[in-house]
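Novice: below: sequence and its predicted model.
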Amino acid sequence: MCLKSRLFDSHSSRADKPARRAASPASRKQRSVPGAVLTAVTMVGAVLATAAMLAGCANPAGAVAPSHSLMTPAQVGASASASSTPWPASDWWRGWGDPQLSGLIDQALVQQPSLQSVQARITQAQAAVDAAGAARSPQVNASVDLSDQRFTKTGIVPPPLAGAIRWNNSAQIGASWELDLFGRQRAALDSAIGQWRAAQADAQAARVLLAGNIASTYVNLARLIDARALSQQALQQREQTLALVRQRIVAGLDTNVELRQAEGFIAQTRVELETLDESIGRTRHALAELAGVGPNALGEVTPQLASVTTAPLPAGLPADLLGRRADLVALRWRVEAALKDADVARAQFYPNVNLVAFVGLSSIGLDRFINAGSETFGAGPALRLPIFDGGRLRANLSARNAEIDVAVDGYNAALLRALREVADEVTSLQSLERQQRSQADALQAAEAAFDLATQRYRSGLGNYLVVLTAETNVIAQRRAAADLKARHLNAEVALTRALGGGYQQQIAQQPESKASA
């Protein structure tokens, strides 16, 4: 149930009132246009005063209020002292010194379909902003209605129209403007702007994610190609060992057992090469998909990552991360949008005031439509106030307040996850640097042991089992070193992405929210 009041000062056409000739001359007196406008202005003032008084009757009390608050950097242990660490550049991949990688990422950022769909969502959000802004402007429309109709004999229409068939005509231009006295339309516009800002941040987050995924896939391709090179090296090494075993068999130092073992390891290595070729092909296809091209468009791309340098690690959890992570910025804007949606729901409790005016022609009979006396006009305010709705508005406000808590919780969870990602990758990089130093020592020792075992075996002092053990160990250490290199590069990519991937929110776009209070 709602209270509706429509106070209208209007002038109607004389051409459609032939039955009112018996009325008194005073009742047929027409107001002048200035007089009508003055009366309408007076009524507007009266309606505004009434709205101010009735606003006190609106009662959103009883709605469930939002109870959650945004986490601050201090609450999660972020430190301003860590902000001195150099942040990643927006084109951080160029620092890896591989033109192929730069070309792939540049190409993907232009033509990847997933990014194009994100851009479409920005356009959609912009349209919502435009629609919300348009609702705050005066609305003007026009209508024309020409109908040949029979008037009833048993209704309120008196003779000579009763039972007659006449043209009933009207043409009208109308205008209306809702006075945003309680901020409902402003809040709706702010909510749409918040969603638009969130869509923009989502687009940047998608770009960061895509660049990181391409770099990670590129590193994985480099790892597989390195592994294939090591397997090819192992194949050559085992073929040399097989030749040595055959020489020892001729000399009577070995048997066919050692020969069959050496041949078996060669066959096993060839299987490894085929498996790696399959993985390399599939990884190239995945890289092409990420770049937004067909699976065979990249050809035999081979990574060249020898000049990658390690980025400096942050000394702690940087407080500036909140404005450097596009996903956090998007969630922050969604909190703002949820707050404004609650303001819209709250404003529904208060009076809605519209100013309406029209001017046009109206007549019964087509021949009178454009004659003098067919003009009609009117102007005045309209007031609407909800009185009883069974709790619908209160439930709607409670739902919007709950959405605030959901948005706040989503932001807080993402903030904790972002800080954990930074801490994890810093820990991994520090550990990987130590592992690589130890692995270099292990590889050096394994290669020395293999050389000694081979020399002793060639001179007849050792046996095949010692050579086989040393050979297996040196191959394993080489593969471990290559894997650590790839893990280090992937950790570099992950840390760059965790630090925002070069995104930086503009200060003017930083939302201010009472949810953090």
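Specialist: Cool, got the structure.
Novice: drop to CA atoms for contacts and neighbour counts, all remaining ones
Specialist: Will do.
Novice: would you map the helices across the chain?
Specialist: Secondary structure of the chain by DSSP state H: the helices cover 33-54, 99-111, 113-134, 184-250, 256-291, 321-324, 326-347, 392-458, 464-498.
Novice: of these, which is nearest residue 168?
Specialist: Residue 168 lies closest to helix 33-54 among the helices of the chain, at 24.9 Å (C-alpha to C-alpha).
Novice: give the rounded mean pLDDT of the closest one.
Specialist: Mean per-residue pLDDT for helix 33-54: 53.
Novice: contact partners of stretch 357-365?
Specialist: By C-alpha atoms under 8 Å, 6 or more residues apart in numbering, the residues outside stretch 357-365 that reach it are 12-16, 166-176, 369-370, 374-380.
Novice: hang on, the earlier thing: format the helices of the chain as TSV; extra columns: distance to residue 153 and mean neighbour count.
Specialist: Output for the helices of the chain, formatted as TSV (distance: least, C-alpha to C-alpha, whole Å; neighbours: other C-alpha atoms under 10 Å):
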stretch	distance to residue 153	mean neighbour count
helix 33-54	35	16
helix 99-111	71	18
helix 113-134	46	17
helix 184-250	48	21
helix 256-291	76	17
helix 321-324	75	22
helix 326-347	48	25
helix 392-458	44	18
helix 464-498	80	20
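Novice: among the contacts of stretch 357-365, which ones are in strands?
Specialist: Counting by DSSP state E, the contacts of stretch 357-365 place 166-176, 375-380 in strands.
Novice: sorry, back to before: possible to save the helices of the chain as JSON lines with distance to residue 353?
Specialist: Formatted as JSON lines, the helices of the chain follow (distance: least, C-alpha to C-alpha, whole Å):
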{"stretch": "helix 33-54", "distance to residue 353": "8"}
{"stretch": "helix 99-111", "distance to residue 353": "48"}
{"stretch": "helix 113-134", "distance to residue 353": "17"}
{"stretch": "helix 184-250", "distance to residue 353": "12"}
{"stretch": "helix 256-291", "distance to residue 353": "54"}
{"stretch": "helix 321-324", "distance to residue 353": "41"}
{"stretch": "helix 326-347", "distance to residue 353": "12"}
{"stretch": "helix 392-458", "distance to residue 353": "18"}
{"stretch": "helix 464-498", "distance to residue 353": "50"}
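Novice: quick one: closest of these to residue 90.
Specialist: With C-alpha to C-alpha as the criterion, residue 90 lies closest to helix 184-250 of the helices of the chain, at 8.7 Å.
Novice: coming back round to it: just the buried subset of the ones in strands among the contacts of stretch 357-365, please.
Specialist: Neighbour counting by 16 or more other C-alpha atoms under 10 Å classes 167-172, 174, 176, 375-380 among the ones in strands among the contacts of stretch 357-365 as buried.
Novice: tell me the one of those residues nearest residue 347?
Specialist: Proximity of these to residue 347 (C-alpha to C-alpha) peaks at residue 176, which lies at 19.8 Å.
Novice: my read is that that closest one contacts residue 355, right?
Specialist: Yes - taking contacts as C-alpha atoms under 8 Å, residue 176 lies within contact range of residue 355: 5.5 Å.
Novice: for stretch 395-409, which outside residues touch it?
Specialist: Against stretch 395-409 from outside (C-alpha under 8 Å, 6+ apart): 60, 63-70, 331-332, 334-335, 338-339, 341-342, 345-346, 515.
Novice: now do the contacts for the residue nearest in space to the middle of the chain.
Specialist: With distances taken as C-alpha atoms, centre = their mean, residue 202 lies nearest the centre of the chain, 2.9 Å away. Going by C-alpha under 8 Å, 6+ apart, residue 202 touches 118, 326, 327, 330.
Novice: check the gap between the second one and residue 415 for me.
Specialist: The gap separating residue 326 from residue 415 is 11 Å, by C-alpha to C-alpha, to the nearest Å.
Novice: distance of the closest residue to residue 277 other than its chain neighbours from residue 222?
Specialist: The shortest distance from residue 277 to any non-neighbouring residue, by C-alpha to C-alpha, 6 or more residues apart in numbering, is to residue 228 (7.6 Å). Using C-alpha to C-alpha, residue 228 is found at 10 Å from residue 222.
Novice: need the buried ones among the ones in strands among the contacts of stretch 357-365 in JSON lines with pLDDT and distance to residue 405, can you?
Specialist: As requested, those are exported to JSON lines (pLDDT from 0 to 100; distance: C-alpha to C-alpha, whole Å):
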{"residue": "167", "pLDDT": "82", "distance to residue 405": "60"}
{"residue": "168", "pLDDT": "82", "distance to residue 405": "57"}
{"residue": "169", "pLDDT": "83", "distance to residue 405": "55"}
{"residue": "170", "pLDDT": "88", "distance to residue 405": "52"}
{"residue": "171", "pLDDT": "90", "distance to residue 405": "51"}
{"residue": "172", "pLDDT": "91", "distance to residue 405": "48"}
{"residue": "174", "pLDDT": "92", "distance to residue 405": "43"}
{"residue": "176", "pLDDT": "91", "distance to residue 405": "37"}
{"residue": "375", "pLDDT": "84", "distance to residue 405": "56"}
{"residue": "376", "pLDDT": "88", "distance to residue 405": "53"}
{"residue": "377", "pLDDT": "88", "distance to residue 405": "50"}
{"residue": "378", "pLDDT": "88", "distance to residue 405": "47"}
{"residue": "379", "pLDDT": "88", "distance to residue 405": "44"}
{"residue": "380", "pLDDT": "86", "distance to residue 405": "42"}
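Novice: for those residues, which one is nearest residue 460?
Specialist: Residue 460 lies nearest to residue 176 out of those, by C-alpha to C-alpha, at 105.4 Å.
Novice: so what's the closest one bridging to?
Specialist: Beta bridges link residue 176 to residue 139, residue 356 when assigned by DSSP bridges.
Novice: so for the closest residue in space to residue 421 that isn't next to it in sequence, what's the pLDDT?
Specialist: Using C-alpha to C-alpha, 6+ apart and skipping the chain neighbours, the partner closest in space to residue 421 is residue 498 (5.9 Å). pLDDT for residue 498: 92.
Novice: ok, residue 498 - contacts?
Specialist: Contacts of residue 498 (C-alpha under 8 Å, 6+ apart): 325, 418, 421, 422.
Novice: I'd say the last one and residue 495 touch.
Specialist: Put plainly, it is residue 422. Yes - the criterion here is C-alpha under 8 Å, and residue 422 meets it with residue 495 at 6.1 Å.
Novice: so what's the residue count around residue 75?
Specialist: Counted with other C-alpha atoms under 10 Å, the neighbours of residue 75 add up to 8.
Novice: distance-wise, check it relative to residue 412.
Specialist: From residue 75 to residue 412 the distance is 11 Å (C-alpha to C-alpha).
Novice: same check on residue 87?
Specialist: For residue 87 relative to residue 412 (C-alpha to C-alpha), the value is 23 Å.
Novice: quick check: closest non-adjacent residue to residue 323.
Specialist: residue 505 (5.5 Å).
Novice: the one you found against residue 320, yeah?
Specialist: No - contact between residue 505 and residue 320 fails when scored by C-alpha under 8 Å: they sit 10.4 Å apart.
Novice: neighbour count for those two, which is higher?
Specialist: residue 320 (19 against 16).
Novice: how close does the more buried one sit to residue 503?
Specialist: Residue 320 is 12 Å from residue 503, by C-alpha to C-alpha.
Novice: do the same with residue 75
Specialist: 24 Å.
Novice: residue 135: what's it in contact with?
Specialist: residue 185.
Novice: next, it: phi, psi?
Specialist: phi -70, psi -20 (degrees, to the nearest 10).
Novice: distance check, it against residue 190.
Specialist: On the measure of C-alpha to C-alpha, residue 135 and residue 190 end up 13 Å apart.
Novice: equivalent analysis for residue 69, please.
Specialist: Using C-alpha to C-alpha, residue 69 is found at 20 Å from residue 190.
Novice: isn't residue 414 right up against residue 328?
Specialist: Yes - between residue 414 and residue 328 a contact is recorded at 6.7 Å, counting by C-alpha under 8 Å.
Novice: distance between stretch 216-233 and the chain's centre?
Specialist: Offset of stretch 216-233 from its chain centre (C-alpha atoms, centre = their mean, to the nearest Å): 34 Å.
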